[in-house]
Structures are given as structure tokens and as C-alpha cells.
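S.K.: requesting a structural model of the entry that follows:
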Amino acid sequence: MSLLSLIVAVGSIVFPSLIYRKNEKLTNKVNEEINNWEGKRRELTQEHQRELNSLRSKLQEFETKFDQFLYSSKQTISEISKEILHRNNLLGIAQNYEILNKKESDDVRKDAQQLAQLASQQNSIELFYQAATLASSSKNYGDALAWFNQALLLINQQIHSKEETININASILLAKGLVLYQLNLYEEAIKVYDEVILNFNKNPLPEIQEAVASAMLHKGIALDRLNQNEEAIKVYDELILNFNKNLLPEIQETIVSAMINKGLILHDLGQNEEAIEIFDKLIFLLQNGELPLDLKLLAKSMVNKVLALASLNRNKEAIKVCDELLMQFDNDNYPTLQDEISLAMLNKGVSLHNLNNYEEAINIYDEVIQRFSNNNLPDIQDTIALAMLNKGESLYKIKYYDNALNTYNELISRFKDDTSPEIKKKVEMAESRKKLIKL
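M.R.: As a prediction, this is how the structure comes out:
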């Protein structure tokens, strides 16, 4: 073998060995990098998995809270009917007293006390009756009850004319029953109403018949307060049957009130089809002159029909009735119907919400809030609070979370010092909604 051949041969042996060593070194370095990268990848994967698990946990928590929010929203929407039912179920209990501010109320109380002192000095039935009536108007029911009782005591001592005794007795007993009702003494109030009904139901005098009809109406209301709904319906049916041929406007109005209250009880019992039948009949009778046209009772009948329709998810029909009411009464010529008008607007918003027309519902709620903001009547203020609460829910539905929070904050700021139990409840609900949104 030549030297050149040997060199080539040796070179052919040595050169691959050098390449191998270099490749081995490179491979080790690559493997080291791969191992480092794999370690980092595992760390990142574990970190991502932890983050993913955390996100899943938060998502699950969010879904739970969101379900709670939806449930609460549905509860609020369904509670509107109950709150309005509570308001309207007092139909007939008001004695047409003006709503007094604190100063006026204090002045009336002083006048009542002075009258009572004078009545005591003179043993005057009439003055005790007037003092008690004034006390009732200023919600001083304890004094009113005492003075009505004093008047009844004097009647038995002083009056010898049977007819005169009957007339005064019926009026004072009825007024006493109303005071007992206002003191939440419903069972005692019912006993007084029964006394009026039992003692005077056969007396043909118009004013006595009016007192008997009124006693039956208010007995039904007191029974409803005691959750004796079926008994209340029986009393209303008896009233309607006994007096349906009596043409006295005051008694006809009492019949209308009894029919409305019966419809409300049926609604409360879930018998909404029957309730709608009653409200339809009332609307027809009032609009066609078969009963004396009382616009407030007509408007109440229409609002209550809306509640029954909404309870059956007949929201389009409910909106139609709201529009009919608003078309008929929605202007400044009906100052005494502001409560019914505001309720019609509110319930139109609720029905639009139920139909997923959230933006239209929001517009209606805004209109209620703006239009009635200066009306200080407690029922109107309650309607405004409901409108704000439901506006927040509709905003939440379209994912305007900040706007929903702002609406709840406005409600809380506006009504935080309100002493009304109904409005306090709405403030609490707004606080609850805020917590559910702030996840």
C-alpha cells in the first residue's frame, strides 16, 4: 500500500470519528435544550391548567349567580302583580280622606283633640263622632276608636227614638269597623261589620242600606286579609245578589268595588280566566251605562285585567289593554287617575320585557320615571321604584351591565331614606342585584 493510500485510508477512518464526536456533543446539547423546554412546557401546562381550573370555577360560580339573578328577576316580575294586587285590594277601604303632610296631620290631630274635649264636656254624640272622624283622617286610629266607642255609649244613654238610634248606630259602627281594620284588628272589625249587617239588613232606609252594603264590602276585604279567600268571595257574591237591583249610585259603586275585589281574589288564587271574565263584564257594564260610569273604577278594572292576562303569559293582549287605557285616559284631564295610568305604563313595560323586547321596555320605564317623578303620592312613588328596578333588569338582559348598576344606584340613592315597607323592599332588591352583577 502506498503512503498516499495509507494516509487516505487512515484519514477515512479518523474523519468519521471526529464527526461522530461533534455530532454527539451537538446531540447532547440539543437533548439538554429539549429537556429544558419540555420542563418549561410542563410547568406552563400545569400553570395553564391551574388557570383553566380557576376560570372553570369562576365560570361555574358566575353561572350559579346568573341563574340566581334570572330567578330573582323572574321573582321581581311576578311580584309586581302581587304588589299591585295588595294595593288594589284595599278598594273601598279609603274614606276619601285627603293625603295630609306632617304639619296638616298635626293640625288635624289638635283639632280632633279639642273637639273630643268639647264633646266630653257637653256629652255630645255628634262632636265625638266628628273628633273620631278627624282622628281617622290623620291616622290617629287609637283615639278614633276610643271616641267612636264613646259616641256609641252615649247613644245608648241619650237617644230614645228608635229610628234616630238606628241611623246613628249604623254610621258609627261602620266607621268603628274601618278604624279596627286600619289597626289590623281584622277579626274585631269583622264582628262589627256583622253587627251592622245583622241588625240593619232589613231596614229599607237608603242610608241604612248603603251602610249595610259597605259593611259587607269591608267584611270581604277583612276576610281577604285573613287569607280566608273563599269566605270573602261568598260575601262579595251575597252583596252583589242582595243589592244588584238597588239603583242608588252609592250602592251601585259598592257593587262594582265588590266585583273588582272578587276578581282580584280569583287572580290571587290563580283563577285568572275567571278573573278576566269578571273584569270584562265590569268594563262592559261601565262603558255601556248599565252601571254608573266611574272612570276610576273603569281604569282599575282595566289594570286588573292586564294583571290577569300577564299571569297567563298573554302579554300581547295585556299590552293591547294597556294601550286602550292610555289612549282613553293618558292626558292631564284625569288627575285622579294618575295611579292607574302609571300602573298601565309599568305593566306595559313588564309585558314587553316578558316578550324579550327589552329596549322598548326600558323606554317605557324611563317614561314612567320621568313623567311621575314630581308626584309624591306613595303609590306613585312605589310604581317609580318598581320601574327603576325593572329597568335595571332589562338593561342587564341586553348586557348593559354598567347602565344596570347605575340604575340600581339611582334607585338606592333616591329611596334610601323612604320609610315605606314596600319601597324599602325594592331598595334591598336593588342592593342584591348590584352584588350579583359585580362578579
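
S.K.: with adjacent residues omitted, what lies nearest to residue 398?
M.R.: residue 358 (5.0 Å; C-beta to C-beta, 6 or more residues apart in numbering). Every C-beta, even on glycine, is put in place using the N, C-alpha and C of the backbone.

S.K.: what about the one you found, neighbour count?
M.R.: Residue 358 has 19 neighbours, counted by other C-beta atoms under 10 Å.

S.K.: do I have it right that it meets residue 396?
M.R.: No - taking contacts as C-beta atoms under 8 Å, residue 358 lies outside contact range of residue 396: 9.0 Å.

S.K.: hmm, back to that, which ones are touching the residue nearest to residue 398?
M.R.: Neighbour list for residue 358: 352, 394-395, 397-398 [criterion: C-beta atoms under 8 Å, 6 or more residues apart in numbering].

S.K.: and the furthest pair within the residues you listed?
M.R.: 352 and 395 (13.5 Å; C-beta to C-beta).

S.K.: what domains does the record give for this protein?
M.R.: 81-269, 356-439 (automatic domain parsing).

S.K.: which parts of the stretch 201-350 of the chain are strands?
M.R.: Read by DSSP state E, counting those that start in this stretch, the stretch 201-350 of the chain holds no strands at all.

S.K.: just the buried residues of the contacts of residue 358.
M.R.: Buried by 16 or more other C-beta atoms under 10 Å: 352, 394-395, 397, out of the contacts of residue 358.

S.K.: residue 274 contacts residue 264, doesn't it?
M.R.: No - the pair residue 274 / residue 264 is not scored as a contact, 11.6 Å apart, by C-beta under 8 Å.

S.K.: between those two, which has more neighbouring residues?
M.R.: Neighbours per residue, other C-beta under 10 Å: of residue 274 and residue 264, the larger number sits with residue 264, 25 against 14.

S.K.: pLDDT value on the more buried one, please?
M.R.: Here, the pLDDT recorded for residue 264 equals 92.

S.K.: try residue 145
M.R.: 79.

S.K.: what about it, which helix or strand?
M.R.: Here residue 145 sits within helix 141-158, counting by DSSP states H and E.

S.K.: try residue 376
M.R.: Judged by DSSP H and E, residue 376 forms part of no helix or strand.

S.K.: low-confidence ranges in this protein?
M.R.: Low-confidence segments of the chain (pLDDT under 70): 1-105, 156-168, 439.

S.K.: wouldn't residue 134 be in contact with residue 114 here?
M.R.: No - using C-beta under 8 Å, residue 134 makes no contact with residue 114, being 9.7 Å away.

S.K.: more neighbours: which of those two?
M.R.: Of the pair residue 134 and residue 114, residue 134 is the one with more neighbours under other C-beta under 10 Å, namely 23 against 13.

S.K.: what distance do you get for the residue lying closest to that one once chain neighbours are set aside to residue 175?
M.R.: Counting by C-beta to C-beta, 6+ apart, residue 134 lies nearest to residue 112, which is 3.8 Å off, once chain neighbours are set aside. As judged by C-beta to C-beta, to the nearest Å, residue 112 and residue 175 stand 14 Å apart.

S.K.: overlap in contacts of these two?
M.R.: Joint contacts of residue 112 and residue 175 (C-beta under 8 Å, 6+ apart) are residue 132.

S.K.: how many neighbours does the closest residue to residue 149 other than its chain neighbours have?
M.R.: In space, and not counting its chain neighbours, residue 149 is closest to residue 176: 7.1 Å by C-beta to C-beta, 6+ apart. Residues lying near residue 176 (other C-beta under 10 Å) number 25.

S.K.: quick check: next helix or strand after whichever strand or helix holds residue 176?
M.R.: Secondary structure from DSSP H and E places residue 176 in helix 162-182. Downstream of helix 162-182, the first helix or strand assigned by DSSP H and E is helix 186-200.

S.K.: for that following helix, packing partners?
M.R.: Applying 3 or more C-beta pairs under 8 Å, 6 or more residues apart in numbering; DSSP states H and E, we find helix 186-200 packed against helix 162-182, helix 206-225.

S.K.: which among the ones you listed is found nearest to residue 123?
M.R.: The nearest among the helices and strands packed on helix 186-200, by C-beta to C-beta, is helix 162-182 at 14.3 Å.

S.K.: picking that back up, check contacts around the residue nearest to residue 134.
M.R.: Contacts of residue 112 (C-beta under 8 Å, 6+ apart): 131-132, 134-135, 138, 140, 143, 147.
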